[in-house]
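Asker: Dropping a prediction and its sequence here:
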Amino acid sequence: MDLRLTVDLPRDLDRMSTLRHVLDGALAGLGVAEQPRADIGLIISETWANVITHVRVGVAFQVRATVNEAQCVIEVTNPGDQASDVVNALTSSGHSLRVVSTLADSVDVDRDGLLVKVTKKL
């Protein structure tokens, strides 16, 4: 079983909620237990809240989820050449990074912009 979901999202909380529900439904359909699904939903919320809080209006971001039998990898990236408009909110504020780090098995943050790769074992 492999699932790859890539979504380009504007800076919009409603879209993030939709993404959470779509991914949760896909994970449930693949037989992933409720607790890891809840953790993944919170990870998406925390990383996306930082995008909304710390980037200028009009900057689009991409969320990529890759799922296999063992893990779910979530990447939030800033496609294109928009890095100068981005503050790395996860490292500057620290609050969301602590939440995400508690829930995830690994977290990678790129110093050049809000580029996050989070791995959660299933």
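Answerer: Cool, the structure landed.
Asker: Tell me the spacing between V76 and E34.
Answerer: 23 Å (Cβ to Cβ, to the nearest Å). Glycine gets a C-beta too; all of them are placed from N, C-alpha and C.
Asker: list the contacts for the closest residue to G41 other than its chain neighbours?
Answerer: Once flanking residues are discounted, G41 sits nearest to R20: 4.9 Å by Cβ to Cβ, 6 or more residues apart in numbering. Shown in contact with R20 (Cβ atoms under 8 Å, 6 or more residues apart in numbering): 41, 44-45.
Asker: If you drop the residues flanking it in sequence, what lies closest to D2?
Answerer: Nearest to D2 is N68, by Cβ to Cβ, 6+ apart, at 5.3 Å.
Asker: ok, that neighbour touching L30?
Answerer: No. Counting by Cβ atoms under 8 Å, N68 stays clear of L30, with 9.7 Å between them.
Asker: Which residues are in contact with each of those two?
Answerer: 1, 3.
Asker: So for the two, which sits in the more crowded spot?
Answerer: L30 (16 against 13; other Cβ atoms under 10 Å).
Asker: Perfect, I'm done here.
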